[in-house]
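Enquirer: The sequence isn't on hand, but the structure is:
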Ligand SMILES: CCCCCCCCCCCCCCCC(=O)SCCNC(=O)CCNC(=O)[C@H](O)C(C)(C)COP(=O)(O)OP(=O)(O)OC[C@H]1O[C@@H](n2cnc3c(N)ncnc32)[C@H](O)[C@@H]1OP(=O)(O)O
Ligand SMILES: Cc1cc2nc3c(=O)[nH]c(=O)nc-3n(C[C@H](O)[C@H](O)[C@H](O)COP(=O)(O)OP(=O)(O)OC[C@H]3O[C@@H](n4cnc5c(N)ncnc54)[C@H](O)[C@@H]3O)c2cc1C
């Protein structure tokens, strides 16, 4: 039944204009048109075909990735794509490769931490891909504890060079993507040593491989760290190991925007805060939040479309069985994830704005919003990637047995996505950073320092401690102010309780360690408040399109009330709401699920994912699942022959032996 839209009835039920929602999802008409054009370009290019990658061995997979990365670069140049378009093309290629780190971390690290001269020296080479770089920070012994890194960069007065060295096994760089087999250069994080004095971790540009024959330069040991989780997944990336044996680099290859070393070996710290050495991580965390909405939207799109196609039970007098999407349990698992995808999209948009704002301020030497930018990027990175990773796995279960098939696209999506909970900062470690930020804001309340930005609500401490929700009917929970107040009161009370408990310790650090589990719950409540608030703020904007705003209002209420339901313990124990108000929220949630139901397919269509990008038979736009699943099974390499390799060698003798035994 090629060409038939099996989901047409579902699409006809929609109560809003999908084409307008596509623009809201993309962020602007320009962003929509760009994504639409580039995703189709990639989907129609046979080199970017990806339905066979999960059956490739590591070497074949890696070669296939190199081929795609080279082809992407060729197409970018042939078509004269700008930076934004090129990024989209690599995104829709949908196969992690060394280029992600080159463009995503190496180039931004030089831009953020290099002086103007250093940028002029290195960026033209990197931008033309005459050199390929990676971000070599993590070591075998330390990832989270950046200050604990062991690689050294010792200044040699005589030669005006730094000597890079890996003094211990645990100082081996371990994990950097693109390092293992491809990068010619790296931004290497190492302890700066001058005259036996340790100045802490700084970034250095080091050449790793010859530009003539690609062999490692003298003194450099380098390789891939081996297979990772899943089949294809992140195995298309050459995460690497690197050791330096007294490798010399010129002094001007230390990234010197934040601090400098002079020819005389004098360490000079500029007025720029030292934390800017961590700036590339802030940049990438902000991208990762945006990416979380994309990853979750892919899984939700697959699970929603398939839930409308799949039928189980409920047939009466020969009628159709029930579509599984009509089961309330399916809705209660799926629709909060749909709402979360939208919520993270708008949180990501806001975070991008915050990041741009902080960058502009930094140029003007205003560093005041850097701590807020760090706390928000760290916290939202943690929150959104954890939800997206768990959400992808939930979507797999929502698709029943077929969700476990590689051709559902979900196992691959899960395997490639879950390291996002670890890379760019372990999610727990990052929440602890948020908790520190909150405790600091609270400790400053009495000194007249008014909290600003996302912690401004803590300034209304007295009012929030008095707060009691005035909800009396289920519909009251639809009012944005009612929701925001409840979330603010819960977050404030959790943080204030932690602060009070911390004050009982004579050594605050001991208290912080002891109360860490409570602190990350308070940090989570704060981050959830940010996402809820940003969704609500988005809805205060003018949103054109027939029925679009109404749908987003429903999703926003689902996002908030689902969280309230899930964390009901927090809201009750802090005394923000009563059990009765909690059950009214739940009642409202059920009604909201019914409102989403007719719009569900259109809401996932609004993501505008091509079938190529989704890479899922269950999530096909046309819903033609069964014939395609059946067809796909026959393509498996095991089905190339009727009798598999090894049968005659191992199984046939066994069968024959058993038959002989039976005859005796
Ligand atoms: C297809 C195309 C896609 C392309 C799209 C591109 C995407 C690209 C691909 C991604 C693909 C994955 C690629 C993974 C790449 C890695 O994973 S790279 C390695 C990442 N590593 C990490 O994230 C390590 C995590 N650890 C850390 O960030 C820090 O060391 C920690 C945890 C913040 C602790 O730092 P610390 O200095 O020991 O800590 P602490 O004493 O707590 O902090 C000192 C002060 O600095 C502040 N601070 C700490 N960090 C920061 C910061 N970052 N900024 C500002 N201030 C900070 C603290 O708030 C504190 O301030 P005060 O309280 O003193 O005012
Ligand atoms: C796929 C992938 C790609 C990567 N790419 C790069 C790259 O390109 N460049 C690069 O430099 N690095 C890269 N990394 C490394 C990555 O950034 C680190 O693995 C990450 O920052 C976590 O650090 P860790 O491995 O030291 O974890 P650990 O800190 O050892 O974490 C182990 C456990 O300890 C807990 N823990 C640690 N510290 C604390 C604490 N203070 N309080 C409470 N609990 C704590 C954590 O929550 C976790 O449960 C990559 C990693 C992966 C998986």
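Expert: Done, it's in. Bear in mind that the values here come from a model prediction, so they are computed numbers and not experimental data. Ligands and ions are numbered 1, 2, ... in the order given.
Enquirer: pretty sure residue 193 contacts residue 155?
Expert: Yes: using Cβ atoms under 8 Å, residue 193 makes contact with residue 155 at a distance of 6.9 Å. For the C-beta atoms, the positions are set from N, CA and C on the backbone; glycine is no exception.
Enquirer: okay, these two: which has more neighbours?
Expert: More neighbours surround residue 155 than the other of residue 193 and residue 155, with 22 against 17 (other Cβ atoms under 10 Å).
Enquirer: Contact partners for the more buried one?
Expert: Residues near residue 155 by Cβ atoms under 8 Å, 6 or more residues apart in numbering: 161, 162, 192, 193, 194, 195, 251, 261, 265.
Enquirer: now do residue 114
Expert: If a contact means Cβ under 8 Å, 6+ apart, then residue 114 has 122, 255, 256, 257 as its contacts.
Enquirer: try 6 Å
Expert: By Cβ atoms under 6 Å, 6 or more residues apart in numbering, the contact set of residue 114 is 255, 257.
Enquirer: Also residue 441?
Expert: 451, 455, 458.
Enquirer: Within the helices and strands, which one has it?
Expert: helix 427-443 (DSSP states H and E).
Enquirer: Run the contact check for that helix versus ligand 1.
Expert: Yes: using Cβ under 6 Å from any ligand atom, helix 427-443 reaches ligand 1 at 429, 433, 436, 440.
Enquirer: now stretch 71-83
Expert: No: using Cβ under 6 Å from any ligand atom, stretch 71-83 stays clear of ligand 1, with a minimum separation of 9.6 Å.
Enquirer: residues making contact with that stretch?
Expert: 47, 86, 89, 90, 93.
Enquirer: What about the second one, how many residues nearby?
Expert: Just to be clear, that refers to residue 86. The number of residues packed near residue 86 is 19, by other Cβ under 10 Å.
Enquirer: host element of it?
Expert: Per DSSP H and E: helix 83-93 holds residue 86.
Enquirer: Around ligand 2, which positions in the stretch 401-550 of the chain sit nearby?
Expert: Checking the stretch 401-550 of the chain against ligand 2 by Cβ under 6 Å from any ligand atom, the hits are 419, 422, 423, 424, 425, 426, 428, 429, 432, 516.
Enquirer: Return the distance of stretch 448-456 from the chain's centre.
Expert: In terms of Cα atoms, centre = their mean, to the nearest Å, the centre of stretch 448-456 is set 28 Å apart from its chain centre.
Enquirer: same question for it, mean pLDDT?
Expert: Per-residue pLDDT values across stretch 448-456 average out to 92.
Enquirer: Next, the residues that contact that stretch from outside, please.
Expert: Contacts with stretch 448-456, where a contact means Cβ under 6 Å, 6+ apart, come from 372, 441, 458, 459, 530.
Enquirer: Please repeat the previous calculation with a cut-off of 7 Å.
Expert: 372, 376, 438, 441, 458, 459, 530 (Cβ atoms under 7 Å, 6 or more residues apart in numbering).
Enquirer: Just give me the neighbour total for the nearest residue to residue 415 once chain neighbours are set aside.
Expert: Excluding its sequence neighbours, the residue lying closest to residue 415 (Cβ to Cβ, 6 or more residues apart in numbering) is residue 230, at 2.8 Å. As a burial measure, residue 230 scores 18 neighbours (other Cβ under 10 Å).
Enquirer: And for the one 10 residues further on?
Expert: Counted by other Cβ under 10 Å, the residues lying close to residue 240 total 26.
Enquirer: Then residue 106?
Expert: Applying other Cβ under 10 Å, we find 28 residues neighbouring residue 106.
Enquirer: Give me the secondary structure label for it.
Expert: With DSSP: H, G, I helix; E, B strand; the rest coil as the basis, residue 106 sits in helix.
Enquirer: Test my guess that it contacts residue 134.
Expert: Yes: using Cβ atoms under 7 Å, residue 106 is in contact with residue 134, at 5.8 Å.
Enquirer: buried stuff in stretch 180-199?
Expert: Neighbour counts over stretch 180-199 (16 or more other Cβ atoms under 10 Å) mark 180-194 as buried.
Enquirer: now swap in stretch 65-83 and tell me
Expert: 65, 66, 68, 69, 71, 72, 75, 76, 81.
Enquirer: Could you do stretch 420-432 as well?
Expert: Using 16+ other Cβ under 10 Å as the burial criterion, the residues of stretch 420-432 that qualify are 420, 421, 422, 423, 424, 425, 427, 428, 430, 431, 432.
Enquirer: Then stretch 394-403?
Expert: For stretch 394-403, burial by neighbour count (16+ other Cβ under 10 Å) applies to 394, 395, 396, 398, 399, 402, 403.
Enquirer: immediately after the strand or helix carrying residue 190, which helix or strand?
Expert: Per DSSP H and E: residue 190 is located in strand 185-194. Remark: after strand 185-194, the chain's next helix or strand is strand 197-207, criterion DSSP H and E.
Enquirer: quick check, that next one touching ligand 2?
Expert: No: Strand 197-207 is not in contact with ligand 2 by Cβ under 6 Å from any ligand atom; minimum separation 11.1 Å.
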